[in-house]
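>>> The following block contains a protein sequence and its predicted model.
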Amino acid sequence: MADTRVASVQAEPAWLDLAATTDKTIELTREAARNGARLIAFPELWLPGYPIFLMTTTVSQELPYVLRYRTAALAVDSPDMMRLRLAARENNIIVAFGFAERAQSSLYMSQCIIDETGEIVLHRRKLKPTHVERTLFGQGDGSDLQVAPTSIGRIGALNCAENMQPLTKLALIAEDEQIRVSSWPPLDYYGGALLSGESIVALNQSNAMEASEFVLMSTQVVSDTAIHVFSSEPGTSAPPFAGGGYARIFGPDSTLLSNVLPPEQEGIVYADIDLTTIEIANHFFDPVGHYSRPDIFEVTIDRRPKPAVHHITTEVKRSYPPLDTENTNSRT
């Protein structure tokens, strides 16, 4: 089987600016396509950027940022989403990205995969926002555990710490996932080992071997621009921090396949992948096949959607007298 070139993004969004980040997404998509990529993966909440203010403000201080963030969220049926779909089609490339999704009156931490024809083949929401994210975003349900068949293989996607959850990962592995889009915010932000670049790189490398698949890890980058944006409201400040970029592409035997950029540098990393190498990995370790023990472990996955409201109704047609325009101003 011929190699397929794939790409993973390490870049800074135009913070809180949906139109500008959409422009940048299209530019990076074109760049990847010019370099022969068939798939490009973007970070978690790439549009309109990760809400850093959740980690740097009090409840009262964050409200101006919340308003700006909600206003900049992306709806699936919006003109900006249509621009992204057209970019995928015009550049003959599959585009996978994370975004803050506006759905009616709530926000969700969502991911989409758009195929090279411009069709949305996967749309999912993070099952459980992590820590302070729960104050801004709603949660997904079992219908968000999806793998999309595409022209280059079966692609799944997970956001950030979902890549740490054993059963969440197992749900995608059980769907014969071959390529995982592993999307992350800027790393190293907290200092120490928690969400450090080193530990998350190791996690994604391990996940590639665990699942016998290719893993495309993408991350955001923080510069002085971000610090300025998240210090712009009165009384607020963001800790001085730069970098956080750790884009990598790993093979099913855990081999690093891509080039590596410095954490503070924006760019795209590339790798040429061959799905037939998954056969060798599965020969040794197939966690849902011959290396499983269903006689000991029984896993049930409920993939049904769980809407907040179920409507039980019978359509009722009511008739009303016609509007009497001649007598609308007369009352006795």
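Now that the structure is in, tell me what you want to look at. Residues are numbered from 1 along each chain as shown.
>>> use CA for all of it now, contacts and neighbours both
Noted.
>>> Now do the same for residue 315: its pLDDT.
Taken from the predicted model, the pLDDT recorded for residue 315 is 79.
>>> before we move on, what about residue 311?
The score at residue 311 is 85. That number is its pLDDT.
>>> State the number of residues packed around it.
Residue 311 has 5 neighbours, counted by other CA atoms under 10 Å.
>>> In contact with the closest residue to residue 103 other than its chain neighbours, which residues?
Closest residue to residue 103 apart from its sequence neighbours, by CA to CA, 6 or more residues apart in numbering: residue 75 at 6.4 Å. Contacts of residue 75 were listed using CA atoms under 8 Å, 6 or more residues apart in numbering, and they are 81, 101-103.
>>> Keep only those of the residues you listed that are in strands.
Where the contacts of residue 75 overlap with strands, as defined by DSSP state E, the overlap consists of 101-103.
>>> Compare the residues you listed and tell me which is most surrounded.
Ranked by neighbour count (other CA under 10 Å), the ones in strands among the contacts of residue 75 have residue 101 at the top, with 25 neighbours.
>>> Tell me the secondary structure of residue 161, please.
Taken by DSSP: H, G, I helix; E, B strand; the rest coil, the conformation at residue 161 corresponds to helix.
>>> Leaving out chain neighbours, which residue sits closest to it?
Of all residues not flanking residue 161 in the chain, residue 130 sits nearest, at 7.2 Å (CA to CA, 6+ apart).
>>> how close does the one you found sit to residue 139?
In this structure, residue 130 and residue 139 are separated by 10 Å, where distance is defined by CA to CA, to the nearest Å.
>>> try residue 153
28 Å.
>>> for residue 157, same thing?
Residue 157 sits 16 Å away from residue 139 when distances are taken as CA to CA.
>>> sorry, back to before: now render the ones in strands among the contacts of residue 75 as a markdown table, adding distance to residue 183.
Compiled in a markdown table, the ones in strands among the contacts of residue 75 are given as follows (distance: CA to CA, whole Å):
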| residue | distance to residue 183 |
| --- | --- |
| 101 | 15 |
| 102 | 19 |
| 103 | 21 |
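>>> ok, so of those residues, who is nearest residue 272?
Distances from residue 272 to those, taken as CA to CA, are shortest for residue 101 (31.3 Å).
>>> Was I right to think that closest one contacts residue 123?
No - applying CA atoms under 8 Å, one finds residue 101 not in contact with residue 123, separated by 10.3 Å.
>>> Need the residues touching each of these two.
Here residue 101 and residue 123 have residue 110 as joint contacts, going by CA under 8 Å, 6+ apart.
>>> Not counting sequence-adjacent ones, nearest residue to residue 168?
Using CA to CA, 6+ apart, the closest residue to residue 168 is residue 162 (6.6 Å).
>>> now that neighbour: how far from residue 154?
Plainly put, residue 162 is 19 Å away from residue 154 if you go by CA to CA.
>>> For these two, work out which one has more neighbours and name it.
More neighbours sit around residue 162 than around the other of residue 162 and residue 154, counting by other CA under 10 Å; the figures are 19 against 16.
>>> Quick check, pLDDT for the more buried one.
The predicted local confidence for residue 162 comes out at a pLDDT of 98.
>>> Please apply the same query to residue 272.
The predicted local confidence for residue 272 comes out at a pLDDT of 98.
>>> Could you list the residues in contact with the strand or helix carrying it?
With elements taken from DSSP states H and E, the one containing residue 272 is strand 267-273. Strand 267-273 is contacted from outside by 3-11, 28, 32, 37, 214, 247-249, 251, 257-261, using CA under 8 Å, 6+ apart.
>>> Extract the C-alpha trace of it and format it as CSV.
What follows is strand 267-273, C-alpha atoms only, in CSV (Å, rounded to 0.1, in the frame of the first residue of the first chain):
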residue,chain,number,x,y,z
GLY,A,267,4.1,25.3,12.0
ILE,A,268,3.0,21.9,10.6
VAL,A,269,4.7,18.5,11.2
TYR,A,270,4.3,15.8,8.6
ALA,A,271,4.6,12.0,8.3
ASP,A,272,4.1,9.4,5.6
ILE,A,273,2.1,6.6,7.0
